[in-house]
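*Asks:* curious how this folds, go ahead:
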Amino acid sequence: MILDTNALSDLFRQNQSLRAHLQRADRLYLPVIVLGEYLYGIKNSTRAKELTELLTGFMQDIQLLGMGKATSFHYADIRWELKKKGTPIPENDIWIAGIVREYKLPLLSRDTHFDLVEGVERLGW
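*Replies:* Okay, here's the model as predicted:
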């Protein structure tokens, strides 16, 4: 299961609804874009030290997903499909959707705009 930024945030907030999904996952994956978004959020937080420690520990238990040539092709396809439908989504989320399509894994996210992307299975809580 791939985590979106809001899933990572809620994980560290110990959201019980989210935990049910996490317990069903064989393995957790984190896109490098999500890591960047979360690190930026930490810089704006009054709990930066605590969140950095939580993230550091968590990173030992997950696999980080980067972007490569295949991701770029998925990104281009998704962006084109959304443009044709007139349903744009945030730029970083197009990249995240590209990674989700590439790895064919469900995405744990509260962002319903991922439902607009064909080939993305979003799990909400």
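
*Asks:* could you pull out the strands for the chain?
*Replies:* Secondary structure of the chain (DSSP state E): strands at 2-3, 29-31, 63-65, 107-108, 122-123.

*Asks:* ok, and what's touching stretch 109-121?
*Replies:* By CB atoms under 8 Å, 6 or more residues apart in numbering, the list of residues contacting stretch 109-121 from outside reads 3-4, 6-7, 10, 78, 81-82, 85, 87, 89-90, 93, 96-97, 100-101, 106-107, 122-125. No exception for glycine: its C-beta is placed from N, CA and C like everyone else's.

*Asks:* so which of these belong to helices?
*Replies:* Counting by DSSP state H, the part of the contacts of stretch 109-121 found in helices is N6, A7, D10, I78, E81, L82, K85, D93, I96, A97, V100, R101.

*Asks:* for the third one, which non-adjacent residue is spatially closest?
*Replies:* Spatial nearest neighbour of D10, chain neighbours left out: L18 (4.7 Å); criterion: CB to CB, 6 or more residues apart in numbering.
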